[in-house]
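Student: Quick one: sequence plus predicted model below, questions after.
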Amino acid sequence: MKSRILKVLCTLILASAACWWGWITPVAAQTSARSNDTEIAAFKQKLEELQKKALEATNSGNFVTAEKYWTEMIEQLPENAALWSNRGNAKVSQNKLEEAIADYNKAIELAPEAPEPYLNRGIALEGLGQWQKAIADYNRVLELEPTDAAAFNNRGNAFAGLGEWEKAIADYRQATLLAPDLAFAHANYALALYQIGQIEQAIRTMKNLVRKYPRFADMRAALTAALWNQGKRGEAESNWVAVVGLDPRYKDINWVAKIRRWPPAMVAALDKFLHLMHSSYFLPVVATKFSLNFRKPLEKYAIINNCRDLTSLPGFSLEV
């Protein structure tokens, strides 16, 4: 859903590489064509290796190392907006939000018509609780790309941060229409419905998501809380067994409230369940069937929104 061709960024890569060569090799005009081609090939290979290492570090969750590699590439291509935005993503994943915003600002300065840096900056602004500024960034994304489902989902999250639930629901709904497979937009829609008291519709949506994505811990946890609140304890406990194996972070109500940012009514329902779970009513639960081995990079923030890694897009290349 997040892939799109950024021709403007490819152009910037070409232009930046040309400037770099002009600065580093002022006597290039005196060299043979073969020598120049060799140097260009070596430069390109170096950048490709750094890009590969950066993405590998990101995929393994080593964001400090990923940041280092993006920095090395920026030193070679300082006018490339994609590299600044990607380094910002690495910083977001380390909760270095102010520094990330500085990188996104530079990316926007270099490529003001590219939507990705605005989307990513909006995520960082949300992390700081700056909801209105985040909404402004998502609005800008939608000016550039009116059918960007991620921007609608993320703007819905920002409206939720302001407690404007009807606006949030409208944005989540639009995101699901634009990208039917965007699971978290459906999840956010269900949670927001629960918040405004549309309990049955919320639970139906949650069950549909779990049916389609059995390993979707977020919705299994939400179902646990909602069903427990309805007195359906057996079904609630069954979902909770899966949650414990899939993602134990849902046992931490502070994480659910402040990082995942469930709506208050949903948080309260889960908190009630967790308090009872820790009472003598429950025996210890050990779940080995659902081992979590599929976490994606940037998961800490992707679960809220999703920073968009520009090098993953078709059309991004390090041609020089």
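Tutor: Looks like it came in fine.
Student: Please give the number of neighbouring residues around residue 146.
Tutor: The tally of other residues near residue 146 (other Cβ atoms under 10 Å) stands at 10. All C-beta spots, glycine's among them, are computed from the backbone N, C-alpha and C.
Student: for the stretch 201-320 of the chain, what are the low-confidence residue spans?
Tutor: Across the stretch 201-320 of the chain, the stretches falling below the confidence threshold (pLDDT under 70) are 279-320.
Student: What segments of it are helices?
Tutor: When assigned using DSSP state H, counting those that start in this stretch, the helices of the stretch 201-320 of the chain occupy the ranges 217-229, 233-246, 253-255, 264-277, 299-302.
Student: what does the first one rub up against?
Tutor: Which is helix 217-229. Defining contact as Cβ atoms under 8 Å, 6 or more residues apart in numbering, one finds that helix 217-229 is touched by 184, 187, 190-191, 194, 199, 202-203, 206-207, 209-210, 213, 233, 235-237, 239-240, 242-243, 246-247, 250, 256, 260, 262, 266, 269-270, 272-273, 276, 292, 303.
Student: Mark which of those are buried, thanks.
Tutor: Burial by neighbour count, judged by 16 or more other Cβ atoms under 10 Å, picks out 184, 187, 190-191, 194, 202-203, 206-207, 209-210, 213, 236-237, 239-240, 242-243, 246-247, 250, 256, 260, 262, 266, 269-270, 273, 303 from the contacts of helix 217-229.
Student: picking that back up, distance to residue 134 added to the helices of the stretch 201-320 of the chain, as CSV?
Tutor: As requested, the helices of the stretch 201-320 of the chain are exported to CSV (distance: least, Cβ to Cβ, whole Å):
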stretch, distance to residue 134
helix 217-229, 21
helix 233-246, 29
helix 253-255, 20
helix 264-277, 19
helix 299-302, 13
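Student: Among the ones you listed, which comes closest to residue 59?
Tutor: helix 299-302 (11.0 Å; Cβ to Cβ).
Student: which parts of stretch 248-266 are buried?
Tutor: Of the residues in stretch 248-266, those buried under the neighbour-count criterion (16+ other Cβ under 10 Å) are 249-251, 253, 255-257, 259-263, 265-266.
Student: Next: stretch 210-218.
Tutor: Per 16+ other Cβ under 10 Å, stretch 210-218 contains these buried residues: 210, 213, 216, 217, 218.
Student: Could you pull up the residues touching residue 156?
Tutor: Shown here is residue 156, whose contacts under the criterion Cβ under 8 Å, 6+ apart are 167, 168, 169, 170, 171, 172, 175, 185, 188, 192.
Student: Residue 58 versus residue 189, what's the distance?
Tutor: Distance, residue 189 to residue 58, using Cβ to Cβ, to the nearest Å: 28 Å.
Student: Lovely, talk soon.
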